[in-house]
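Novice: coords please:
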Amino acid sequence: QVCNCGLVCAALATYESNPEISRSIIADAVRTVEPAMRASYSPDGNYSEGPTYWAYGTEFQIFMLSLMECCLGTDFGLCNIEGFEDTAVYEMFCVGTSGKFFNYFDNVARFESSPAMWYFAARKNDPSILLSDLDLLENGRFGPHRLMPMAALFASKIDFKKMTPPAPKVYSGKGETPVVLVRTGWTGSPEDKSMGIKGGNARTSHAHMDAGSFVYDAYGVRWAMDLGQQDYAAAEKAFGEIGKDLWNMDQESWRWKLFRYNNRQHNPLTVNGKDHCVDGRAVLEEVYSEGDRLGGKIDLTPVFDGDLACAKRTAVIVSNDYLEITDELTAPEGSFADIRWSMLTDAGVAVGNSCIDLTRNGITIRLQATVSGSCDPSPHYCTWPSNAETYHSEVSDFDNFGIGTNICGYTIHIPAGQSVTLVTTLKRQ
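Specialist: Residues are numbered from 1 along each chain as shown. Have a look, this model is predicted:
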C-alpha cells in the first residue's frame, strides 16, 4: 500500500513526459495492491495488523485512491473491495472510552487522528466516524502527525451539522485477525465502558502470542491493558548481534522470548506453562450485539495444540455495568491441564484469598472467578513478575519490560478428561 502509493504519485507527476511508462506503473500498482487490500480489509474491514498499522497502510491507500480519482477519474474498482467501505468503523471502535487504542500485536495504545478517517467521513457523508478525532482537536491533543494537513482536503467536504453520536455499540470482524469491539456509549460519560477481544494467530505480520487477549475500559480508566509494541528497530539490531532473527515466526524462534511477545504478558490463557502454538488460529464463533450482554465468543482450541481438547472464551459487558469473561475448557483424555488466567494492569493490586482488588484514581474494581465443573483445587489468586528484576530470559539484557504494571489473575488445575467453566468478572466495588 505504501510503496504503490509512492509509485502512483511519481507516475502521475511525470505522466505528461512519460505517458507509456506512467500508465504501466499505475496498472502494476493497481494489480499488486488489490490482493494486499483484500488481505488487509476483507471481509469485514478489520485490519489484519491492528489499528496503528491501519493508519499507516490506509493513509497511503486513500492517498493513492484519491489521486487516481482526481487525475484519472477512476479508482479502478479498488474502493469496491469487500470490507474497505466499512474499515473506518473498525478503527473508530478500536478507540476505547479511555481514549486509548486496543493495542494488540505491535500496536501502540496512544490514539492519534488519521487523515484516512477524514477521507471516510467525507466519502460516507458520516461525520460521526470522527467522534474521537474531534475530541482530540477540541481538547488541544491533536498531535504532530506528519500527514495530518492532508485531512483538510477531506474536511471541506464534510457537513458537521449532521454530527450525531454513532448508533452501533458492537463491531465484529472476521478475516486474518478476528475481533469483537464493544462500546456501550459515545457521549463521553464516565459510565460508558468499552471492551475488545481478539483471535487470530502468531504468524500474522507484527503478531504476538495474544489470541484470546482482551482490554477493558471503565470510568475513564483502562483496567485490562496491553503493553503493545516493543522497539523492534533496537530489537532487530540486538537479535542480529547474537545471530538471531526477530521476524522468524517459527515456534522455537527467540522472538517469543521477548517479554511483550509471548502469551504470559498479555491477557489470554496459558496452559501447562507453554507458549501458544504459532500455527493455531483462534476464530470468531459468536457475536452478541443486542440486549444486556454485548460481546463475542472466540474458539481458542487450536492455539493450545492439544493441551486442551476444547477452549472457548466469551467476553461481554453486562448491562453496561461490568466485564464478564467466560472460559469453557476441557482437558484432553489422559492428560491434565494447568491453567493460568492472567491480566495485565497498571492499577494497584491487592490479592486476597477469594478475589483481587484493583485500584486506580480512587476507584476499586474487583476481579473474581466462579468455577463450575471438575477442577482441583479452587482458584489460587496471585501475581506474576513484569519487570527486569524478576523476569529473566536469554534476551533480558535488551528486553523492554512492563515497568509500572502488574500481572494478576489465578491458577487452576483441570483433571484429565474433565471440563470446567470459569466465569471471571471485573466489577466496581
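
Novice: can you map out the strands along the stretch 151-300 of the chain?
Specialist: Shown for the stretch 151-300 of the chain, the strands assigned by DSSP state E, counting those that start in this stretch span residues 170-173, 179-183, 193-198, 214-218, 221-224, 269-271, 283-288, 293-299.

Novice: now those strands in TSV, with mean neighbour count, mean pLDDT and distance to Tyr15?
Specialist: Using the backbone N, CA and C atoms, a C-beta is placed for each residue, glycine as well. As requested, the strands of the stretch 151-300 of the chain are arranged in TSV below (neighbours: other C-beta atoms under 10 Å; pLDDT from 0 to 100; distance: least, C-beta to C-beta, whole Å):
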stretch	mean neighbour count	mean pLDDT	distance to Tyr15
strand 170-173	23	98	37
strand 179-183	28	98	40
strand 193-198	28	98	43
strand 214-218	27	98	46
strand 221-224	23	97	48
strand 269-271	24	98	55
strand 283-288	17	98	44
strand 293-299	23	98	47
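
Novice: distance to Trp54 added to these, as TSV?
Specialist: Converted to TSV, those look like this (distance: least, C-beta to C-beta, whole Å):
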stretch	distance to Trp54
strand 170-173	12
strand 179-183	12
strand 193-198	14
strand 214-218	16
strand 221-224	19
strand 269-271	27
strand 283-288	18
strand 293-299	20
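
Novice: closest to Asp307 out of the ones you listed?
Specialist: strand 269-271 (4.4 Å; C-beta to C-beta).

Novice: please work out which residues outside that closest one touch it.
Specialist: If you take C-beta atoms under 8 Å, 6 or more residues apart in numbering as the criterion, strand 269-271 is touched by 212, 263-264, 300, 304, 307-308, 311, 313, 327, 329, 337-342.

Novice: kindly export stretch 215-228 (C-alpha atoms) in CSV.
Specialist: Once non-C-alpha atoms are left out, stretch 215-228 reads as follows in CSV (Å, rounded to 0.1, in the frame of the first residue of the first chain):
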residue,chain,number,x,y,z
VAL,A,215,-8.7,-4.9,27.0
TYR,A,216,-11.3,-3.2,29.2
ASP,A,217,-12.1,0.5,29.9
ALA,A,218,-14.5,1.8,32.5
TYR,A,219,-14.8,5.1,34.4
GLY,A,220,-12.2,6.6,32.1
VAL,A,221,-9.6,4.1,33.1
ARG,A,222,-8.0,1.2,31.2
TRP,A,223,-8.1,-1.7,33.7
ALA,A,224,-7.1,-4.6,31.5
MET,A,225,-4.3,-3.4,29.3
ASP,A,226,-1.7,-4.4,26.7
LEU,A,227,1.9,-3.3,26.6
GLY,A,228,1.9,-3.3,22.8
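
Novice: now the helices for the stretch 51-200 of the chain?
Specialist: Listed in chain order, the helices of the stretch 51-200 of the chain (DSSP state H, counting those that start in this stretch) span residues 51-72, 87-93, 115-124, 131-138, 151-155.

Novice: returning to what we had before: show me which of the contacts of strand 269-271 are buried.
Specialist: Burial by neighbour count, 16 or more other C-beta atoms under 10 Å: within these this picks out 212, 263-264, 300, 304, 307-308, 311, 313, 327, 329, 337, 339-342.

Novice: please identify which pair of these lies farthest apart.
Specialist: Largest separation among these by C-beta to C-beta: Arg264 and Leu329, giving 17.7 Å.

Novice: now, the buried ones among the contacts of strand 269-271 that are in strands?
Specialist: Secondary structure assignment (DSSP state E) places 311, 313, 327, 329, 337, 339-342 from the buried ones among the contacts of strand 269-271 within strands.

Novice: nearest to Leu65 among the buried ones among the contacts of strand 269-271?
Specialist: Checking those against Leu65 by C-beta to C-beta gives Gly212 as the nearest, at 34.9 Å.

Novice: show me what contacts the closest one?
Specialist: Residues touching Gly212, when contacts are defined by C-beta under 8 Å, 6+ apart, comprise 197-199, 267-269, 282, 298, 300, 303, 313.

Novice: backbone dihedrals for the closest residue to it other than its chain neighbours, please?
Specialist: Counting by C-beta to C-beta, 6 or more residues apart in numbering, the nearest residue to Gly212 once its immediate chain neighbours are dropped is Pro268, at 3.8 Å. Dihedral angles of Pro268 (phi, psi; degrees, to the nearest 10) stand at phi -100, psi -170.

Novice: pLDDT score for Phe142?
Specialist: At Phe142 the predicted local confidence, pLDDT, stands at 67.

Novice: kindly report the same for Ser378.
Specialist: Model confidence at Ser378, expressed as pLDDT, equals 85.

Novice: the closest residue to Thr177 other than its chain neighbours bridge partners, please.
Specialist: Of all residues not flanking Thr177 in the chain, Gly200 sits nearest, at 3.7 Å (C-beta to C-beta, 6+ apart). Per DSSP bridges, residues listed as beta-bridge partners of Gly200: Ala282.

Novice: does Thr97 really touch Asp192, like I thought?
Specialist: Yes: between Thr97 and Asp192 a contact is recorded at 4.8 Å, counting by C-beta atoms under 8 Å.

Novice: in terms of neighbours, single out the busier of the two.
Specialist: Legend: neighbour count by other C-beta atoms under 10 Å for Thr97 and Asp192, higher for Thr97 (25 against 18).

Novice: if we can go back for a sec, I figured the residue nearest to Thr177 hits Arg281, correct?
Specialist: Yes: assessed by C-beta under 8 Å, Gly200 is found in contact with Arg281 at 6.7 Å.

Novice: the two - which one has more neighbours?
Specialist: Summary of the neighbour comparison: Gly200 and Arg281, criterion other C-beta under 10 Å, with Gly200 having more neighbours (29 against 20).

Novice: and the more buried one, what's its pLDDT?
Specialist: Residue-level pLDDT assigned to Gly200 equals 97.

Novice: ok, it - contacts?
Specialist: For Gly200, the contacting residues are 48, 176-178, 207, 211, 281-282, taking C-beta under 8 Å, 6+ apart as the criterion.

Novice: can I get the ones in strands among the buried ones among the contacts of strand 269-271 in a markdown table with distance to Cys277 and pLDDT?
Specialist: A markdown table is the format used below for those (distance: C-beta to C-beta, whole Å; pLDDT from 0 to 100):
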| residue | distance to Cys277 | pLDDT |
| --- | --- | --- |
| Ala311 | 12 | 98 |
| Arg313 | 16 | 98 |
| Asp327 | 17 | 98 |
| Leu329 | 16 | 97 |
| Ala337 | 14 | 96 |
| Ile339 | 16 | 97 |
| Arg340 | 16 | 97 |
| Trp341 | 19 | 98 |
| Ser342 | 18 | 97 |
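
Novice: for the residues you listed, which one is nearest Leu130?
Specialist: Leu130 has its nearest neighbour among these in Arg313, at 32.4 Å by C-beta to C-beta.
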